[in-house]
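K.L.:
got a predicted structure here, sequence first:
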Amino acid sequence: METSGYAKWFRASTPYISAHRNRTFVVLLGGDAIAHANLANIIHDLALLHVLGVRLVLVHGARPQIDAALPDSRFHGHRRITDRESLGRVLGIYGEVRATLEALFSTGLPTSPLRNADIATLTGNFIVARPIGVLDGVDHLFTGHVRRIHLQRLRAALDARALVLLSPVGYSPSGQAFNLASEELAADIALALEADKLIAFDAEGYIHDRAGAPRTHVTPTELAELVAHAAPDAKSSAPLRALLRASAAVPRCHLISYTDDGALIEELFTAQGHGTQVSTESGSLVRAARADDLGGIVEVIRPLEEAGVLVRRDRDRLEEELDRFFVAELDGIVVGCCALYPYGESAELGCVAVHAAYRHSDTRPGIGARLLAAAEASARAAGIRQLFVLTTQTRDWFIEHGFRDAPLTALPAPKQALYNFQRNSQVMIKQLEETHV
């Protein structure tokens, strides 16, 4: 078996494993996903997340199963009207679905990826519900909303390393059960828990813009516009409604395909992903480096040092110069860096590096350009009028970003004295225009 490719991928996933450990993810698994042949693989991937230390709450749906059992159901918009007779059928279907999922998480055969995993699933009366009541003259009967979530119980279960498995059912203080919308429940739990991610599945696995093109990233504002133009009763919009509802406070939401084996792992553990992420496009992608960024900076620059693109810096020197660094951070991972070294009214831009996996990312402008912009802004604020770089292999990129070739004599005298003639780096300079407010 050829393992070199696997070893490289596994090695590249290390930052993600570290970033996701002890994070809280809420997962919405709809009835379409549960009926699909890929369900067992999805459960195996969720089990892997659990083993890697992710705190998981799994909310399941059962819409197609209920549609098949109750073909005469009435709807108001996208909401099923649940009468007393159908409520018993609905609760029975939820019980069957939950048992199916529990059985898959309990698989322990020698050939199963879950052997020796010993995953404890936990369900219970975590949700207090209330009736929706009458909307537009329509009594929703035993269809309800979330009134309150027993957060202390839920957090205690997660702290005990249980995988919490919830059906879309809530109970009133009088003991009455109510049928809930699974997408609303998943979003409400993610918001209440202050979860790090909400993950939803559909057949496509990508959010498409109004022209039909798949998107790997959308903002909550863009998603709101897409949901507003979707048919109100379209079942395909259910996961989108969940993502939109949660995106107000959950940092990152994801839509992933339930038909593609391994899509969940690719989305969470690779730079290119395999789905759509919903998050606010943050201007704070680049920030000043902190002490805990040192390891991430080393990981970014080490391959470029080994290739001769960057001059080698030992860890002690990096630690001493850390206050001169900026880093680009995505998903809690350092993916790029640069440093600024002042020389009077000039400054050297050094150690410009982007992790290989992110050099062709969908982030616009690019990560390198954002690092440069942050360095330029800092330089202007310090009264610096020009930047210079010494480069051996990235001249074209610097030309694209406003730098021009310059002679060695254009460098500040202290830098000229340290110039390495054997390395023969090209000197490049960029004049910084003053900004007027």
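P.N.:
Happy to help now that I have it. Numbers count the residues shown, from 1 in each chain.

K.L.:
OK, contacts around the residue lying closest to L56 once chain neighbours are set aside?
P.N.:
Closest residue to L56 apart from its sequence neighbours, by C-beta to C-beta, 6 or more residues apart in numbering: L163 at 5.0 Å. C-beta here means a position set from N, CA and C on the backbone, and glycine is covered the same way. Counting by C-beta atoms under 8 Å, 6 or more residues apart in numbering, L163 makes contact with 46, 50, 56, 58, 105, 119-122.

K.L.:
for the residues you listed, which one is nearest R11?
P.N.:
H50 (22.0 Å; C-beta to C-beta).

K.L.:
what about that closest one, helix or strand, and which?
P.N.:
helix 39-51 (DSSP states H and E).

K.L.:
which strands or helices does that helix pack on?
P.N.:
Using 3 or more C-beta pairs under 8 Å, 6 or more residues apart in numbering; DSSP states H and E as the contact test, the elements touching helix 39-51 are strand 24-29, strand 55-60, helix 84-105, helix 263-269.

K.L.:
neighbouring strands - and their directions - for the next helix or strand after the longest one?
P.N.:
Sequence-wise, the next helix or strand downstream of helix 84-105 (DSSP H and E) is strand 121-122. Each strand that pairs with strand 121-122, with its direction, by DSSP bridges: strand 163-166 (parallel).

K.L.:
any stretches of the stretch 1-150 of the chain with poor pLDDT?
P.N.:
1-4, 108-115 (pLDDT under 70).

K.L.:
for the residue nearest the centre of the chain, list the residues it contacts.
P.N.:
By C-alpha atoms, centre = their mean, the chain has its centre lying nearest to R252, at 4.7 Å. Residues in contact with R252, defined by C-beta under 8 Å, 6+ apart, are 196-197, 277-279, 331.

K.L.:
from F201, how far out is it?
P.N.:
Noted for R252: a distance of 16 Å to F201, by C-beta to C-beta, to the nearest Å.

K.L.:
kindly report the same for Y16.
P.N.:
19 Å.

K.L.:
next one: P239
P.N.:
Going from P239 to F201 by C-beta to C-beta gives 7 Å.

K.L.:
looking at those two, which one has more neighbours?
P.N.:
Neighbour totals were compared for P239 and F201, and P239 leads with 30 against 27 (other C-beta atoms under 10 Å).

K.L.:
so for that one, what's the pLDDT?
P.N.:
Looking at P239, its pLDDT is 91.

K.L.:
just checking, what packs against the helix or strand containing A238?
P.N.:
Element membership for A238, per DSSP H and E: helix 238-246. Helix 238-246 sits against strand 24-29, helix 182-193, strand 197-202, helix 220-228, strand 252-257, with contacts defined as 3+ C-beta pairs under 8 Å, 6+ apart.

K.L.:
turn these into CSV, including distance to G344.
P.N.:
What follows is the helices and strands packed on helix 238-246, written out as CSV (distance: least, C-beta to C-beta, whole Å):
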stretch, distance to G344
strand 24-29, 49
helix 182-193, 51
strand 197-202, 47
helix 220-228, 44
strand 252-257, 43
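
K.L.:
considering the ones you listed, which stretch scores lowest in mean pLDDT?
P.N.:
Looking at those, the bottom one is helix 220-228 with a mean of 88.

K.L.:
got the contact list for that helix?
P.N.:
Residues outside helix 220-228 that contact it (C-beta under 8 Å, 6+ apart): 207-210, 215, 218, 237, 240-241, 243-244, 247-248, 278-280.

K.L.:
for the residue of the chain most remote from its centre, grab phi and psi.
P.N.:
Most distant residue from the mean C-alpha position of the chain: T409, 47.3 Å away (C-alpha atoms, centre = their mean). Dihedral pair for T409: phi -70, psi -10, per degrees, to the nearest 10.

K.L.:
then A379?
P.N.:
phi -60, psi -40.

K.L.:
ok, it touching A339?
P.N.:
No: between A379 and A339 there is no contact under C-beta atoms under 8 Å: 11.7 Å.

K.L.:
out of the helices and strands packed on helix 238-246, the one nearest E306 is which?
P.N.:
With C-beta to C-beta as the criterion, E306 lies closest to strand 252-257 of the helices and strands packed on helix 238-246, at 31.9 Å.

K.L.:
what mean pLDDT does stretch 329-337 get?
P.N.:
84.

K.L.:
residues contacting the nearest residue to H20 once chain neighbours are set aside?
P.N.:
The spatial neighbour of H20 that comes closest, neighbours along the chain excluded (C-beta to C-beta, 6+ apart), is V54 at 5.4 Å. Shown in contact with V54 (C-beta under 8 Å, 6+ apart): 20-25.

K.L.:
just the buried members of those residues?
P.N.:
Neighbour-count burial within the contacts of V54 applies to 20, 23-25; the criterion is 16 or more other C-beta atoms under 10 Å.

K.L.:
can you pick out the most distant pair from these?
P.N.:
Within those, two members stand farthest from each other by C-beta to C-beta: H20 and T24, at 10.1 Å.

K.L.:
number of nearby residues for S13?
P.N.:
Neighbour tally, S13, other C-beta under 10 Å: 17.

K.L.:
again with P15
P.N.:
22.

K.L.:
right, and it touches G296 too?
P.N.:
Yes: here P15 reaches G296: they are 7.4 Å apart, a contact under C-beta under 8 Å.

K.L.:
what touches both of these two?
P.N.:
Residues touching both P15 and G296 (C-beta under 8 Å, 6+ apart) are 333-334.

K.L.:
still on that earlier bit, who wins on neighbours among the contacts of R252?
P.N.:
V278 (25 neighbours).
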